[in-house]
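Novice: here is my input, please return the structure:
(chains A and B)
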Amino acid sequence: MTTMQKLLQLPVNAVNIVKTVQSQVQGQEEDKSPVLTPDSGQHSWYNALQPDELRHLRSGGTGGGGGGGGDQEERAPLEEGGGGGSSGGTFQTQPLRHDDLKEMLDSNKDSLKLEAMKRIVAMIARGKNASDLFPAVVKNVACKNIEVKKLVYVYLVRYAEEQQDLALLSISTFQRGLKDPNQLIRASALRVLSSIRVTIIVPIMMLAIKEAASDMSPYVRKTAAHAIPKLYSLDPEQKDQLIEVIEKLLADKTTLVAGSVVMAFEEVCPERIDLIHKNYRKLCNLLIDVEEWGQVVIINMLTRYARTQFLNPNINESLLEEGGGGEKTFYGSDEDEDEDEEEKEKKAEVAAMAKRKPYVMDPDHRLLLRNTKPLLQSRNAAVVMAVAQLYFHLAPKAEVGVIAKALVRLLRSHSEVQYVVLQNVATMTIKRRGMFEPYLKSFYIRSTDPTQIKVLKLEVLTNLANETNISTILREFQTYIKSMDKDFVAATIQAIGRCATNIGEVRDTCLNGLVQLLSNRDELVVAESVVVIKKLLQMQPEKHSDIIKHMAKLTDNIQVPMARASILWLIGEYCEHVPKIAPDVLRKMAKSFTNEEDIVKLQIINLAAKLYLTNSKQTKLLTQYVLNLAKYDQNYDIRDRARFIRQLIVPTEKSGALSKYAKKLFLALKPAPVLESPFKDRDHFQLGSLSHLLNAKAGGYQELPDWPEAAPDPSVRNVEVKESVFTLLERVTTLTSVPEWTKCSSREKRKEKKVEKPFYSDSEGESGPTESADSESDSASGSESGSGSEESGSGSESEESEEGSESEEEEEEEEEKDKKKKKKELKKPVPETESEQSSEEEDRKIKRKSKQRKSDSESESDEDEESESESSQSESEDSESEIEVKKKKKTAEMKPPSKPVKKETKKEKKEMSLLDLDDFEPAPSPQVTPVNTFLSNSLVTDLEGLSLSDSVLSPATIAPSSVLKNYELLHRITGEGLSVEYCFSRQPFSPDANMVAVQMQFTNSATSDTKNLHMEDVKLQSGMRVKEFPEIELLSAGETAMAVMGIDFCDSTQAANFQLCTHTRKFFVSIQPPVGELMRPIFLTENEFKKEQGQLMGMNEITEKLTLDAKCRNEHAIVQRVTTAANLSRVPCGSDKECSPPVPPPDHPVYRFAGRTVTSSSLVLVTVATKEEGAAQLTVNCEKMVIGTMLVKDILLALTQ
Amino acid sequence: MIHSLFLINHSGDIFLEKHWKSVISRSVCDYFFEVKEKAVDPENVPPVLQTPHHYLISIYRGKLFFLSVVQTEVPPLFVIEFLHRVADTFQDYFGECSEGVIKDNLVTVYELLEEMLDNGFPLATESNVLKEMIRPPNILRSVVNTLTGGSNVGDTLPTGQLSNVPWRRAGVKYTNNEAYFDVVEEIDAILDKSGTTVFAEIQGVVEACVRLTGMPDLTLSFMNPRLLDDMSFHPCVRFKRWESERVLSFIPPDGNFTLMTYHVSSQNLVAIPVYVKQNINFFETGSCGRLDITIGPKQNMGKTVEGLMVTIHMPKVVLSANLTATQGNYTYDLTTKVLVWDIGKLNPQKLPNLRGSLSMQAGAPKPEENPSLNIDLKIQQLAISGLKVSRLDMYGEKYKPFKGVKYLTKAGKFQVRT
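Specialist: Predicted coordinates for the structure are as follows:
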């Protein structure tokens, strides 16, 4: 065949020969052959040249091609070569050169083959057609040389679609590859096989995908996931089968597969949200370890999922807004009216329901928010954007703020990234302005920014403008107006206009500024100002007739049609304000009518009509003249308008009833325009999506569903596994578990549960960081979530672990739901006193208590375990996270407690810490009260158990109020008559036992009343919390009021800073606790004391020698001074029954004091051992060394002075 | 997702096309060219365009447009970020990302693109994984290859893709084990006419060059990590460790990479290393103007300011500049109207000054705005935020690596309004 070609040297023949090889089936191919002819020649001419020469020639060729690249057919490149206009002189030699390549491909030398393939691939890269080489290339598919092979694959994938029959020759090679022992070869075979778009091999592909989906290697499974959308696009009828594969791959536990399979899910069956249920928690947990691109896809998908499965976290906040407007000060205040209305509607719908049932964030919802948050730190802008949109669409309002910082960071990136991010920020700023306000300056514009970025930044700045920052923004705008970039200046003027309409205070300033711009030299600036001023004037025209006059004068100079039209409209509309000028303007306009632009002409007609109606004496003739001119205008719009107006205003016999109303028609009061952001309401598109950017639905866009009114059954996300060891099917609480709580089934079952391994244990190695992520973020999220919900973030109940088999559970489900309801009713925020507390609740508590005791750990000293049981004991019917499951396993294996007394004390704080979550509740939660009862109950039992004989130890004497020291918070002078003192009352702070109670005394020594005393703007170190005192409505002159607030200092002496606000003033104040106030007294017997002390030796012990103050050498004085310095209780000495036979008081008595720190309940033990002549030794044992050191100093000071 | 990619040079020629699904005619780029014509400046071409059947998402890097064609909904940042990653990879492989270099390495580029995307979805974007599959060209190898017919495709299979540290290849060996870290900070600032700071912040980046044998586990800690306000990390950094202990713990990729970028917000006072006294005047009559600029050191922590350069985009009406510089030299490009004054090292004893007259087009009105000055500078061995690396520890390997840290402060978007 080659010889023949050489002989004929005709491209047509070359092509035809290829054709014969390809068999006759491809009739359609034949049709195109005339096109092919000159073209294929063109290519071979290139190929014959040496590579470096080639480059130059090619660039010339492509240049031509690019210029004429208008060809529409799929085979565009074919024509292009010819169109490129290269010389025809080379034609004769072409087939020969082409042969060259074929010969090289046919040779035995790999290097020749490689060279040929490289040239061919280079052709493909340049968009040249190389399809006629197909038979020669496809032969090499089994070549041993890897690079040749790879290049052949590249070629195959590109041309197989066009030469289907020949492509089939290669299939067997891939099929062999699919069986290769090396996973990478299997994967690459599948990859190429699935990339060949040949319909005949669909069944083969299907089979290969199915097989690969259960391959040992995760990499091959990943490739299988990639192949799914390929097959789907080739043959959509395979959908059902493919969904099966997707379902199977979704269950995969490796990070490698997760991203790819979700991608396939999104392309093939995004509507099958039900497939996600079982994998939801796993996806959330794997997320951080998935590769970046997969993260984006998963996060976007989960956003949609969450919208269908969870409740709107902001329902309650909208309720609050309605009630007290508490949230309003935060973000709400500046929201658009529309939105408020919308919200009101929503509120109306949900109000009744929601009031009964406070919003509880589904733990799965929380899980998603928690696990995506770290990804805000990703280096990949797409990931950051994906998380940002997730938070925007799903997070409670108070938490959305975290995304702002990350988005602002992206503004440093490439300008394309900035462009997209700014578009999204612009949309966000409309709904949630407060979030970006701190970053206002990051949106300032540099003269070097591209115009499109400038305009977007301007948009954001305008959205962010409010009463407080408007002056800085306007100053900034002023510099922008002078810019050389005129498009940007025009946009700035528009922005000023919008600020002026939105913020009443600056309207006049803006207007004045804009009027000044009217004398600008640049016509575009003037024109834009005119348009904006027109809009502003419409708001209060009567005040500004002089501006209207000024603008009337401008008609002589301004040529920009839009501006001229605006001026004319203004004069017509407010002609009564400028009665003298208006007719004159009309006169001038009538003169130039024929030369005006269409919009100007229309406005001239308008002006004429309005003047005719108001001032017909002066303008009758003018109007008629204008109307006559318009009658013969070229534009039919203008002719129509003229005819219509003539009929309306000029009374004739024929004119109907309408003309009577002409005045009303023309001079009706027109509402001022509302200048809106073009980004308003764009958030109905999922942010970060292409559709959002274009503000139009793109193909394949999945709508972001609205929140459901009632959450679908969350139990669908529970995962079932078969336990091989135990025949029972048990429900595994992987991360978060069912919201039902069931009664304790048999003990046996519980045990099984405990032995069970966590579901993901096998992937632990791989996803190490994920799990640690959980455990660490746990505590953090606890405090975050507090705002959103009453119970979120808290662990599950202990009953959880005792859940029975599945069938049992289902039976009980209904019952449980009832219970839940009951529970919720109980939790209704009706402040209950202890006595009122429902007995049922108490029963339950006690029951739980006893259970808890069983499962409690033995090794109490272990901090960790304490916290574990803390979480597992939590109140909520929600569920727990993975770690907690593990912890439970641990705790459950423990023996029943040996020392109930200690248990109880510990439980105090356990119960309390659970309540931390409630401190954002507006009213003291009823949950609190029962716990308190429980607490005091247990205290009583404790005391009983101790059988104390010493009355000194009764609680009343612990904190003698006489020793309370008062501190000044606000001096009378600085407080302008208001003085505030505070003291640490040493009473337990009832709403939250982890807080130190601070009693504040307000004295109003001014002559006028002080109103609305409250706290604001609390600034705390991390971990600290404050429970504000209730607002004092009125403090009349000369009166005094008391209030109590609670502060959790986190066992540190860092100050709590806040603002004390009255109705007129704000004072910055801070409360810093002495270290002695960070603890609360506990009861210990001497023996216990010694035992505990023995465990707190070494680093935890601090000893100081001292000489006691002369006045302070008797027992009473020492005890009083120590208890004044620190909130501790004295350990009775010698009174303990267990003690050895009572001894007479020694000459040098030893005084012991004990307490625990408020937040972490670390033991604080103080010993004062007296010696001769006032010498003494002070020993402090404390788990927290810092506290110990500080305490030593304080007590030392107290005893020596 | 990504359907096709076209590489387009400055003058509008398509010099490379790659399709991951069926072929899309290059005529689709005509829509892009149309917009590009209108936009005048290539920076002002919107990155996302809508055509009747496709969406075009493009980036502009190194005078090239990377134009991708998308048919269905996809997060635009996803594509943009990917395209930048492609450009980064080219840069990494060939030392620069330009038309010439891509044309020279057409086959390698094509192979890279083939590996980076599968059916339009990113597959292998880690440069370490890619380098295992396709070896970057170097002179020696290309000589050997031409003689022996060898290939630049790796003969080992890329195992990196399979591991859970995809960014590091297995079996790395070096005779000299070294780890270098560059802390580079850029000052972004806007100063107003009077020299007061309108806005200033510091953007920092920790670039690393790690050549260590085996699988080292590194911990990098700072003296004052609290300075950092916001940061983003290379995926290798254990985020949780940072959250809890404020140390960077990671198994490093092999070679050069960006470990983290950070941000020191404007709340902390940002030291501005230089002050600028400027006076630019355009006179109403006589069509000329005066220019007088002096730069002096301000807060530079006792270090010398180097590489000082002032760039001014003059108004269109300025025809020429007749200036004298006491230090360095200046150029005025008549076509782009850009005045560049290259000063070099800042000598605090003798402050550099540039003064003289500007001549303007006769009859043209005086420009309203004075042009703003863009300042470039460098300070070696100083991180202006005060950030300091305290130590680098290595675990998991026995040898003792050579460690080094370098600091550098640069001007980022440093603008003085006049």
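Novice: neighbours of residue 385, how many?
Specialist: Because you didn't say which chain, this covers chain A. Other residues near A:Met385 come to 32 when the count uses other CB atoms under 10 Å in any protein chain shown. Backbone N, C-alpha and C define where each C-beta goes, glycine included.
Novice: my bad, the chain I had in mind was chain B
Specialist: The burial count assigned to B:Ser385 is 24, neighbours taken as other CB under 10 Å.
Novice: do the same with A:Glu1092
Specialist: Other residues within reach of A:Glu1092, judged by other CB under 10 Å, total 15.
Novice: in which helix or strand would I find it?
Specialist: Using DSSP states H and E, A:Glu1092 maps to helix A:1086-1095.
Novice: elements contacting that helix?
Specialist: strand A:1150-1157, strand A:1163-1170 (3 or more CB pairs under 8 Å, 6 or more residues apart in numbering or on different chains; DSSP states H and E).
Novice: columns mean neighbour count, distance to B:Ile202 and mean pLDDT on top of those, output as CSV?
Specialist: Below are the helices and strands packed on helix A:1086-1095 laid out as CSV (neighbours: other CB atoms under 10 Å in any protein chain shown; distance: least, CB to CB, whole Å; pLDDT from 0 to 100):
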stretch, mean neighbour count, distance to B:Ile202, mean pLDDT
strand A:1150-1157, 22, 39, 86
strand A:1163-1170, 23, 44, 86
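Novice: of all these, which one is nearest B:Asp13?
Specialist: If you check each of these against B:Asp13 by CB to CB, strand A:1150-1157 wins as the nearest, at 73.6 Å.
Novice: what about the closest residue to chain B within the stretch 551-700 of chain A, distance to A:Arg682?
Specialist: Closest approach between the stretch 551-700 of chain A and chain B, counting by CB to the nearest CB: A:Gly700, at 3.3 Å. Distance, A:Gly700 to A:Arg682, using CB to CB, to the nearest Å: 19 Å.
Novice: just want to know which of the two has more residues nearby.
Specialist: Between A:Gly700 and A:Arg682, counted using other CB under 10 Å, the more crowded position is A:Arg682 (20 against 15).
Novice: tell me the pLDDT at the more buried one?
Specialist: A:Arg682 carries a pLDDT score of 81 in this model.
Novice: quick one: contacts for it?
Specialist: A:427, A:692, A:695 (CB atoms under 8 Å, 6 or more residues apart in numbering or on different chains).
Novice: ok, the last one touching A:Asp683?
Specialist: Translated: A:Asn695. No - taking contacts as CB atoms under 8 Å, A:Asn695 lies outside contact range of A:Asp683: 10.9 Å.
Novice: of these two, which one has the most company?
Specialist: Taking neighbours as other CB under 10 Å, A:Asn695 and A:Asp683 compare with A:Asp683 leading, 19 against 13.
Novice: so what's the nearest residue to that one once chain neighbours are set aside up against?
Specialist: Of all residues not flanking A:Asp683 in the chain, A:Thr427 sits nearest, at 5.2 Å (CB to CB, 6 or more residues apart in numbering or on different chains). Each residue near A:Thr427 by CB under 8 Å, 6+ apart is listed here: A:679, A:682-683, A:687, A:692.
Novice: on that earlier part again, mind checking what helix or strand follows the helix holding A:Glu1092 in sequence?
Specialist: With DSSP H and E, the next secondary element past helix A:1086-1095 is strand A:1101-1107.
Novice: what residues sit buried inside that next one?
Specialist: A:1101-1102, A:1106 (16 or more other CB atoms under 10 Å in any protein chain shown).
Novice: so which elements touch the helix or strand hosting B:Asn279?
Specialist: Element membership for B:Asn279 (DSSP H and E) is strand B:274-282. Helices and strands touching strand B:274-282, by 3+ CB pairs under 8 Å, 6+ apart, are strand B:288-297, strand B:373-380.
Novice: about what we covered before: next one: phi and psi at the residue nearest to A:Asp683?
Specialist: Main-chain torsions, A:Thr427, degrees, to the nearest 10: phi -70, psi -40.
Novice: what does B:Leu227 give?
Specialist: With angles defined as degrees, to the nearest 10, B:Leu227 sits at phi -60, psi -30.
Novice: am I right that it is in contact with B:Ile384?
Specialist: No - here B:Leu227 does not reach B:Ile384: they are 11.0 Å apart, not a contact under CB under 8 Å.
Novice: those two - which one has more neighbours?
Specialist: With neighbours defined as other CB under 10 Å, B:Leu227 and B:Ile384 compare such that B:Ile384 has more, 24 against 18.
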